[in-house]
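[1] I'd like to go over a predicted model; first the sequence, then the structure.
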Amino acid sequence: MSSREDEALAQAAVTALTGQLALAPKPGLPDPRDLDARATRVDHSALRWSAKALVPGLAAMAAAARRTGEPTPGLRTELGAIGRCTEHSVGLAGGGHRGALWALGLLVAAAALNPGTTGWEVAATAKRIARHPDKRAPRRPSRGSSVSAKYGAAGARGEARAGFPHVRRALDAIAAARKAGATEAQARLDALLTVMSTLQDTELLYTAGPLGLRHVQAGAREVLEAGGTSTTAGATALAAFDEDLRTRAWSPRGSAGLLAGALFLDSLPTVVSSRAPAVA
């Protein structure tokens, strides 16, 4: 794998992130309706702009994995250092994407370690990286880790150490919706709702508590049980769910980052084929 291929993986990851941002309506999450930021208090244009600042860091993570060649403790520590520098760069560009950076960084590194493998195999390799501790991580607890400890939620680290089960569920949901005839946007929204229906989102636990989390999970399940976003009943349920979360100012951000991870893994066959040399 060359530096050009590292860049291709990074670009694919950012394309997945901006693809997630482009979906609408996303219950409680920034989407193209929020150009003036009145609904979610997050400027959608700024999020799309700052996503571009992830590319150098993600390419560096791919290069570190390629150079190391194995999911070692040293690689985990290096990825953590690159991630913290990338967070700073993204902050200067407008901020956001912290959860997505964690998921995409591990998945990009795993894809670089095992080029040409399936999304599920990449997730399994990411699990092997994530199981190692980051020895240079700041000692102070993050908000997410504090909430995880308080409520016993897996959190972002637990999700990675389990091999990104919600990313894998999102991949399955996308495939099932496409097979059923849904549009690409509908398939992706169904995948988002699939994640939201079971994820123990630490952001939601922080802002809404356990009852709020269960309320959001139930709302996502209601849309899916109505037939998903491609049906009239499902679309009606989605609109009501979206209005409810926006009124409450509850934002299931963890689900959005994991959907971006799923979209990245879904794109890998295309990324691999675009890197393959032409046959004479």
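    Happy to help now that I have it. Keep in mind it's a predicted model, so treat the numbers as computed, not measured. Residues are numbered from 1 along each chain as shown.

[2] Please work out which residues outside stretch 117-135 touch it.
    When contacts are taken as CB atoms under 8 Å, 6 or more residues apart in numbering, the neighbours of stretch 117-135 outside the stretch itself are 71-73, 75-77, 79-80, 106-107, 109-111, 113-114, 157, 160-164, 167-168, 171, 262, 265-266, 268. Where you see a C-beta, it was placed from the backbone N, CA and C, and this is true even at glycine.

[3] May I see the buried residues of it?
    The neighbour-count check on stretch 117-135 (16 or more other CB atoms under 10 Å) flags 117, 119, 122-130, 132, 134 as buried.

[4] try stretch 101-120
    The neighbour-count check on stretch 101-120 (16+ other CB under 10 Å) flags 101-113, 115, 117, 119 as buried.

[5] Likewise for stretch 84-95?
    So stretch 84-95, judged by 16+ other CB under 10 Å, has buried residues 86-87, 90, 93-94.

[6] repeat for stretch 171-191
    Along stretch 171-191, these residues count as buried under the neighbour rule (16+ other CB under 10 Å): 171, 173-174, 177-178, 182, 186-191.

[7] Of all pairs in those, which one is the farthest apart?
    Leu171 and Gln186 (15.7 Å; CB to CB).

[8] Skip ahead from the helix or strand containing Ser145 and say which helix or strand is next.
    Applying DSSP states H and E as the criterion places Ser145 in helix 143-151. Past helix 143-151, heading to the C-terminal end, the next element that is a helix or strand (DSSP H and E) is helix 155-161.

[9] Quick check: pLDDT value at the closest residue to Gln200 other than its chain neighbours.
    The shortest distance from Gln200 to any residue other than its chain neighbours is 3.9 Å, reached at Ala153 (CB to CB, 6 or more residues apart in numbering). What the model reports for Ala153 is a pLDDT of 85.

[10] mind checking how far Ala153 is from Thr202?
    Applying CB to CB, to the nearest Å, one obtains 6 Å for the distance of Ala153 from Thr202.

[11] Those two - which one has more neighbours?
    Comparing Ala153 with Thr202 by neighbour count (other CB atoms under 10 Å), the higher total belongs to Thr202, at 27 against 21.

[12] For that one, give me its contacts.
    Applying CB under 8 Å, 6+ apart, the residues contacting Thr202 are 143-144, 147-148, 151, 153, 155-156, 254.

[13] now those residues in a markdown table, with distance to Thr232?
    Output for the contacts of Thr202, formatted as a markdown table (distance: CB to CB, whole Å):
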| residue | distance to Thr232 |
| --- | --- |
| Arg143 | 39 |
| Gly144 | 37 |
| Val147 | 37 |
| Ser148 | 39 |
| Tyr151 | 37 |
| Ala153 | 35 |
| Gly155 | 37 |
| Ala156 | 36 |
| Gly254 | 29 |
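
[14] Now, of those residues, which are buried?
    Burial by neighbour count, judged by 16+ other CB under 10 Å, picks out 144, 147-148, 153, 155-156, 254 from the contacts of Thr202.

[15] Using pLDDT, spot the least trustworthy of the residues you listed.
    Among those, Gly144 has the lowest pLDDT, at 75.

[16] Out of the buried residues of stretch 171-191, which comes closest to Leu21?
    When those are compared for distance to Leu21 (CB to CB), Arg188 wins out at 11.2 Å.

[17] where does the closest residue to Glu159 other than its chain neighbours land in three-state SS?
    If you skip the residues right next to it in sequence, Glu159 has His166 as its closest partner in space, 6.3 Å away by CB to CB, 6+ apart. In three-state terms, and counting by DSSP: H, G, I helix; E, B strand; the rest coil, His166 is helix.

[18] Noted, bye for now.
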